[in-house]
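# sharing a model that was predicted from the sequence below.
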Amino acid sequence: MSSSRIVVTGIGATTPIGGTAPESWSALLAGESGARSLEHDWVAKYELPVTFAASARVPADTVLARPEAKRLDPSSQYALVAAREAWADAGTPDVDPERLGVDFATGIGGLWTLLDGWDTLREKGPRRVMPMSVPMLMPNAPAAAISMYLEARAYARTVASACASSTESIVNAVEHIRLGLADVVIAGGTESVIHPITLAAFSSMQALSRRNDDPAHASRPYSIDRDGFVMGEGAAALVLETEEHARARGARIYAVVAGGAVTADSYHITAPEPEGLGASRAVLQALAQADASVDDVTHINAHATSTPTGDIAEYKALLSVFGDRVHEIPVSATKGSTGHLLGGTGALEAVFTVLALHNRIAPPTINITEQDPEIPLRVGEAVELGDGDHVAISNSFGFGGHNAVAAFRSI
């Protein structure tokens, strides 16, 4: 097992606030929102109670070549766009294909392909169903598309653990490099399910904000009047490798992926464990793996979906880990800007955490009209982190009681 530090040498993202990682980061710092009204005919057709979402700022099929895009579900399209950016950003490493791996996640998979195919079957018959439907809808399609594009032959693995999926993929990538299964891994996650069925279903469980008249301010983590999350879409990717490998090829290093952990609540299929017990264990295990103490942490990118119960459960978890010191640590709840990318959200927030350490600034959290007094975190304005060593964590929690936390160090 390798004892070398694992570092981030490339990042990519296509999000509701930008078509690339730098564009998304700049928009995040500027306090922009990616939420906007949906202009699809099906919004009125199905009389959806929620008429807005955080759609990707740049549609993936406008970036990829048309023949390529036609053979990929939107979730795979976004994954490929983000992965290509991350790979180029890493300097297109010259690595033996059998030493290059892919850990890429999704929470739901190729929903558009599946449901479009069902509509075609019902309306036009079986002969009109696309022969590529199954390869396009399967959850491992994004990982497969990336591995074929990069000729990555060490492995191509997929995690599907709801909204914890892509953070878990990053944790897995770290473990796989340490086990010697690959020298370089591209890790991340993707989601594209802004669809009538998901909007209707999440609305039925009262999980989505219904601020149809003000989409840009609907996602408001920690605000006392928060009323649910805003669905987002897009993808993010990180190139990971050992520090020795990175320095040998003269790569730029953004940050160190110091550790990570995965736990389970075993409590409820949708609700978080009220005291955040599983979440707090994940934080502590991630810090232990990173050889860091709770006093070393100087920044937290919170899961903070803007739901009434979820935000409080996470706060209780953080309070149990850090004690009163948690009120001094700069916290960023970036879903206020991006909405919730479901299976892609952890990777995007990992990218934001890496950039926060690299640029020494904790990004702002927007839309807090009045902070919930039950969640007295240091959140809101951007905070300069200053010089010196920094440790940051990025939290992700998902339906089914899945918890995943990644810990990063400044370089």
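Yep, that arrived. Since the model is a prediction, treat every value here as computed from it, not as a measurement.
# Tyr315 contacts Arg378, doesn't it?
No: if you go by CB atoms under 8 Å, Tyr315 and Arg378 don't touch, sitting 11.9 Å apart. From N, CA and C alone the C-beta is placed, and that goes for glycine too.
# looking at these two, which is more packed in?
Set Tyr315 next to Arg378 and count neighbours by other CB atoms under 10 Å: Tyr315 wins out with 21 against 14.
# domains of the protein?
Here the domain parsing of the chain from automatic domain parsing is 6-248, 260-409.
# can you list these in a markdown table and add distance to Tyr254?
Compiled in a markdown table, the domains of the chain are given as follows (distance: least, CB to CB, whole Å):
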| stretch | distance to Tyr254 |
| --- | --- |
| domain 6-248 | 4 |
| domain 260-409 | 5 |
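# and the residue most central in space within the chain, helix, strand or coil?
Centroid-nearest residue in the chain: Thr345, 2.1 Å away (criterion: CA atoms, centre = their mean). Secondary structure, DSSP: H, G, I helix; E, B strand; the rest coil: Thr345 is helix.
# just use 42 as the starting number from now, easier for me
From this message on, residue numbering opens at 42, which makes the last subject Thr386.
# and it, what does it touch?
Cys204, Ser207, Gly230, Glu232, Gly273, Lys376, Thr379, Ser437 (CB atoms under 8 Å, 6 or more residues apart in numbering).
# quick check: closest non-adjacent residue to the third one.
Spatially, and ignoring its direct neighbours in sequence, Gly230 is nearest to Ser207 (2.4 Å; CB to CB, 6 or more residues apart in numbering).
# where in this protein is pLDDT low?
For the chain, applying pLDDT under 70 flags the ranges 42-44.
# one more pass at 90, please.
42-45 (pLDDT under 90).
# residue ranges of the helices in it, please?
Counting by DSSP state H, the chain has helices at residues 62-70, 82-86, 107-111, 115-130, 152-165, 174-178, 182-191, 206-219, 237-245, 284-289, 318-330, 349-363, 376-379, 386-400.
# mind listing what the residue nearest to Gly230 touches?
So Ser207 contacts 145-146, 200, 228-231, 277, 384-389, 391, 437 (CB under 8 Å, 6+ apart).
# over to Ile416?
The contact partners of Ile416, by CB under 8 Å, 6+ apart, come to Tyr263, Asp352, Ile353, Tyr356.
# most widely separated two among the residues you listed?
Farthest pair in those (CB to CB) is Tyr263 and Ile353. Separation: 9.4 Å.
# now the common contact residues for these two.
Contacts common to Tyr263 and Ile353, judged by CB under 8 Å, 6+ apart, are Asp413, Ile416.
# Thr55: neighbouring residues, count only.
If you count neighbours by other CB under 10 Å, Thr55 ends up with 32.
# with Arg261 instead?
Residues lying near Arg261 (other CB under 10 Å) number 28.
# wait, it sits on Thr410?
Yes: taking contacts as CB under 8 Å, Arg261 lies within contact range of Thr410: 6.7 Å.
# which of the helices of the chain sits closest to Ala296?
Counting by CB to CB, Ala296 lies closest to helix 386-400 out of the helices of the chain; the figure is 4.7 Å.
# check which residues of that closest one are buried.
Residues of helix 386-400 classed as buried: 386-399 (neighbour count, 16 or more other CB atoms under 10 Å).
# from these, which is closest to Pro57?
For the buried residues of helix 386-400, the closest approach to Pro57 (CB to CB) belongs to Leu389, at 9.7 Å.
# quick one, what contacts the closest residue to the closest one other than its chain neighbours?
Leaving out its chain neighbours, the residue that sits closest to Leu389 by CB to CB, 6+ apart is Ala277, at 4.0 Å. With contact set as CB under 8 Å, 6+ apart, Ala277 has these partners: 52-56, 62, 123, 207, 229-230, 382, 385, 388-389, 391-392.
# returning to what we had before: ok, and the most crowded of the contacts of Thr386?
Top of those by neighbour number is Gly230, holding 40 neighbours under the definition other CB under 10 Å.
# touching, that one and Ala276? I think so.
Yes: Gly230 is in contact with Ala276 according to CB under 8 Å; the separation is 6.7 Å.
# need the residues touching each of these two.
Counting by CB under 8 Å, 6+ apart, the contacts common to Gly230 and Ala276 are Ala120, Leu382, Gly385, Ala388, Leu389.
# ok, those residues vs Gly427, which is closest?
When these are compared for distance to Gly427 (CB to CB), Leu389 wins out at 24.8 Å.
# hang on, the earlier thing: wait, which of the buried residues of helix 386-400 is closest to Asp255?
Comparing the buried residues of helix 386-400 against Asp255 with CB to CB places Thr386 closest, at 22.2 Å.
# quick one, what contacts the nearest residue to Ser244 once chain neighbours are set aside?
Nearest non-adjacent residue to Ser244, counting by CB to CB, 6+ apart: Pro90, 4.7 Å away. Pro90 is in contact with Ala241, Ser244, Arg251, counting by CB under 8 Å, 6+ apart.
# check Phe243 too.
Phe243 touches Val91, Leu249, Met272, counting by CB under 8 Å, 6+ apart.
# swap in Ala423?
For Ala423, the contact set (CB under 8 Å, 6+ apart) comprises Leu70, Ile402, Ala403, Pro404, Pro405.
# surely the first one meets Ile402?
Read it as Leu70. Yes: with contact defined as CB under 8 Å, Leu70 reaches Ile402; the gap is 7.3 Å.
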